[in-house]
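In: one predicted model, sequence on top.
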Amino acid sequence: MNEVEIVEMDEVKRIALIAHDNRKQDLLDWASYNVETLKKHKLYATWGTGTLLEEKLGLEVIKFKPGPLGGDQEVGSLIANNGVDILVFFWDPLEPMPHDPDVKALLRIAVVWNVVVVSDKATADFVVSSPFFEKKYPRLVRKYEY
């Protein structure tokens, strides 16, 4: 059995926001409803999603490249280096994606590092309404040998 370490999530969460084209409006609607809450946290996003959140909601977002051009991998790297607490990824389960291996890799790395993964509005609503969302939380992460 692998040992674990505690990675303390601060009150200010580091949230990565990504949405496929067919789900951008869903994410925008959810973020609009929660804009005051999201303003209290550090936000990251791939280019298109981040630009939309900045322009439509006035959120401050650190943007990466578009997902198909490496943005998903940039977010994955941040996750692997304990730089993300919550991954909000509204992906489209009905549309084949040319960068599907990148998407699967991103979701896999989030689970490997025990990051909260949100893929739909219902889960997003539960996460932001959780008592853990606005306070410290001791996230357990396996210590991998490499």
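Out: Right, received. Where do you want to start? Residues are numbered from 1 along each chain as shown.

In: CA atoms for contacts and neighbours, from now on please.
Out: Fine.

In: point out where this structure drops to low pLDDT.
Out: In the prediction, the chain carries residues with pLDDT under 70 at positions 1, 97-99.

In: and the strands in it?
Out: Applying DSSP state E to the chain gives strands spanning 4-9, 14-19, 42-46, 61-64, 86-90, 116-118, 137-142.

In: nearest to Ala31, out of those?
Out: Between Ala31 and the strands of the chain, the tightest spacing by C-alpha to C-alpha is seen for strand 14-19, at 9.7 Å.

In: isn't Asn114 right next to Lys143, touching?
Out: No - counting by C-alpha atoms under 8 Å, Asn114 stays clear of Lys143, with 11.4 Å between them.

In: between the two, which one's more packed in?
Out: Asn114 (18 against 12; other C-alpha atoms under 10 Å).

In: so what's the more buried one up against?
Out: Neighbour list for Asn114: 139-141 [criterion: C-alpha atoms under 8 Å, 6 or more residues apart in numbering].

In: buried ones among these?
Out: Those of the contacts of Asn114 that meet the buried threshold are 139, 141, by 16 or more other C-alpha atoms under 10 Å.

In: end-to-end on stretch 7-23?
Out: Stretch 7-23 has an end-to-end distance of 31 Å (criterion: C-alpha to C-alpha, to the nearest Å).

In: same question, stretch 11-29
Out: 24 Å.

In: what do you get for stretch 55-74?
Out: 22 Å.

In: mind listing what's buried in that stretch?
Out: Residues 59-61, 63-67, 71-74 are the ones in stretch 55-74 that count as buried (16+ other C-alpha under 10 Å).

In: that older thread, distance to Glu55 added to the contacts of Asn114, as CSV?
Out: Shown next, in CSV, are these (distance: C-alpha to C-alpha, whole Å):
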residue, distance to Glu55
Arg139, 33
Leu140, 36
Val141, 35
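
In: mind checking the end-to-end distance for stretch 112-123?
Out: 19 Å.

In: show me the contacts for the closest residue to Lys42 other than its chain neighbours.
Out: Nearest residue to Lys42 in three dimensions, chain neighbours excluded: Arg14, at 4.8 Å (C-alpha to C-alpha, 6 or more residues apart in numbering). The contact partners of Arg14, by C-alpha under 8 Å, 6+ apart, come to 41-44, 83-86.
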